[in-house]
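Asker: What would the 3D arrangement of this be:
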Amino acid sequence: MSQNLINLTLSDAQLDAVDQALTELETQLVALVAMNSGQRRKLARMGDKSEKFCRQTLNVLSQNPQVVPPSVKLAEALEDLAALDRLRPRMQRLQRLAERGADSEIALGSDIMRCALDGYALLKVAGRNQGLEGLRKELGARFAKSSRSSEEKPEMA
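Answerer: Predicted coordinates:
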């Protein structure tokens, strides 16, 4: 049963243009930070409900500067909020593009796997009389199950 979820041909010119665009994005977004999982875990998160709270609080504080001590750094928080508002739509576009790229990668792999499985099934049936039995057995190693008992036994030294 044939499968063809995607037809994708990328020319060298297209790939060069994509690479140039990615380089430009990396150049323009050089100030983005990278954190390890430990750093991310320690941070307070601003979800949807929290975002509304934060926006309202910053708005009230900016309207009442007499109650804001310098240690609060309200101006920096307002700049961060403005940067978030400007960055977020671009990140959403990049995320959608990345999801489409990941889905396309899966679809391409699935098309390839389906064809290979169909071809392997043909080799099992028709390959016997064509001198392909050795190659079929070699390909069949992909389906060979390893014995768990040999994997679980500790080595004796």
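Asker: Student question: in the protein, what's the helix or strand with minimum average pLDDT?
Answerer: Taking mean pLDDT, DSSP states H and E as the measure, the helices and strands of the chain show their lowest mean at helix 148-152, namely a mean of 57.
Asker: Give me the average confidence score over stretch 88-104.
Answerer: Averaged over stretch 88-104, pLDDT sits at 98.
Asker: quick one: contacts of it?
Answerer: Here stretch 88-104 makes contact (C-beta atoms under 8 Å, 6 or more residues apart in numbering) with 6, 8, 25. To be clear about C-beta, it is placed using only N, CA and C from the backbone, and glycine gets the same treatment.
Asker: Same list, these, but as JSON lines with neighbour count, distance to residue 96 and pLDDT please.
Answerer: Output for those, formatted as JSON lines (neighbours: other C-beta atoms under 10 Å; distance: C-beta to C-beta, whole Å; pLDDT from 0 to 100):
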{"residue": "6", "neighbour count": "12", "distance to residue 96": "17", "pLDDT": "96"}
{"residue": "8", "neighbour count": "10", "distance to residue 96": "17", "pLDDT": "97"}
{"residue": "25", "neighbour count": "13", "distance to residue 96": "15", "pLDDT": "97"}
